[in-house]
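S.K.: How does the following fold in three dimensions:
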Amino acid sequence: MRKGQTVISCEECRSRNSSLFSGLCSHQLSYISENKSCTVYKKGQILFHEGTRPLGVFCVNSGKIKIYKIGYDGKEQIISIAGAGGLLGYKAMIAEEPYSVSAETLEDCTVCFLSRPNFLQTLAESSELNKKILQQVCHEIGVMNENLTNQAQRTVRERLAITLLKLKDTYGMDSHDNGPIEINLTREDLANMVGTATETLIRLLHEFKEDKLISTKGRKIMIDDPKGLSKIANLF
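M.R.: Numbering: from 1, shown residues only. Model prediction:
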């Protein structure tokens, strides 16, 4: 086994229930387990670059990964944050196109890789996987349309509230106890997701903290009043 690699059985993986692979039969899971590789990535490592050719798919076992594009001005635009169970790279591979985004670890992560031939073989044998992928693509289109509407019609304060609520759900997927959910992002990355300047984001976070909507520990953010954030975001 090469340095940085580990062994994780799909049958025993705790993240599988939140993965697109959750509906596979035992034979298909065994096939993936036998043909995949699992690697421990350090924070800040790149899984794949925008514009490169996909050679397989990545399934997140643990940790958080940011999916982003580089704009014409050279700045990052974060598209989403992938957590445990997230499957990355399958859309570009199925479309036989280069990656349209890049993926970078936000913290230490364990990620499994399944090569293109092995993934396509599984896809050909599983109608359930085909169904789940179609559902996921349709869901992501809906989220993209919602994000475009939010950027055009909502204030920065509203967008920040919505982003924090979404990140609470994303980071909560990895929580296996009853402790507080900690959103662990740099202020620059969070500002990037909201679509505002870092200085504006810091000011709004301070206001949210004074209003007891959130609390902080270093750069980590805890959501103390989800209903209050939902009210600010005009979600009800």
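S.K.: hey, let's count contacts and neighbours off CA atoms from now on
M.R.: OK.
S.K.: ok, longest helix in this structure?
M.R.: In the chain, with assignment by DSSP state H, the single longest helix is helix 127-153.
S.K.: Over the helix or strand following that one, what's the mean pLDDT, rounded is fine.
M.R.: The helix or strand immediately downstream of helix 127-153 is helix 156-172, counting by DSSP states H and E. For helix 156-172, mean pLDDT is 90.
S.K.: If you count neighbours, what's buried in helix 156-172?
M.R.: Of the residues in helix 156-172, 156-165, 167-168, 170-172 count as buried by neighbour count, 16 or more other CA atoms under 10 Å.
S.K.: cool, and stretch 192-210?
M.R.: Of all the residues in stretch 192-210, those buried under the rule 16+ other CA under 10 Å are 192-196, 198, 201, 204-205, 208-209.
S.K.: Mind picking the one among the residues you listed that's closest to S19?
M.R.: Of all the buried residues of stretch 192-210, S19 sits closest to M193, with 23.5 Å by CA to CA.
S.K.: can you pull out the helices in this protein?
M.R.: Under DSSP H, the chain gives helices at 26-35, 90-95, 116-125, 127-153, 156-172, 187-194, 198-210, 226-232.
S.K.: Pull the residues that contact the shortest one.
M.R.: Meaning helix 90-95. Helix 90-95 is contacted from outside by 54-57, 98-100, 116, using CA atoms under 8 Å, 6 or more residues apart in numbering.
S.K.: need the contact list for the residue sitting nearest the centre point of the chain.
M.R.: Of all residues in the chain, the one closest to the mean position by CA atoms, centre = their mean is A82, 1.2 Å from it. A82 makes contacts with 60, 64-67, 170, as judged by CA under 8 Å, 6+ apart.
S.K.: Lowest-confidence one in the buried residues of stretch 192-210?
M.R.: On pLDDT alone, G195 ranks lowest of the buried residues of stretch 192-210, at 88.
S.K.: That residue contacts L148, correct?
M.R.: No - using CA atoms under 8 Å, G195 is not in contact with L148, being 11.0 Å away.
S.K.: now the end-to-end length of stretch 49-67.
M.R.: One end of stretch 49-67 to the other measures 10 Å (CA to CA, to the nearest Å).
S.K.: Measure how far that stretch is from the centre of its chain, please.
M.R.: Put simply, stretch 49-67 sits 10 Å off its chain's centre (CA atoms, centre = their mean, to the nearest Å).
S.K.: Could I get the buried residue list for that stretch?
M.R.: Across stretch 49-67, burial judged by 16+ other CA under 10 Å covers 49-50, 53-67.
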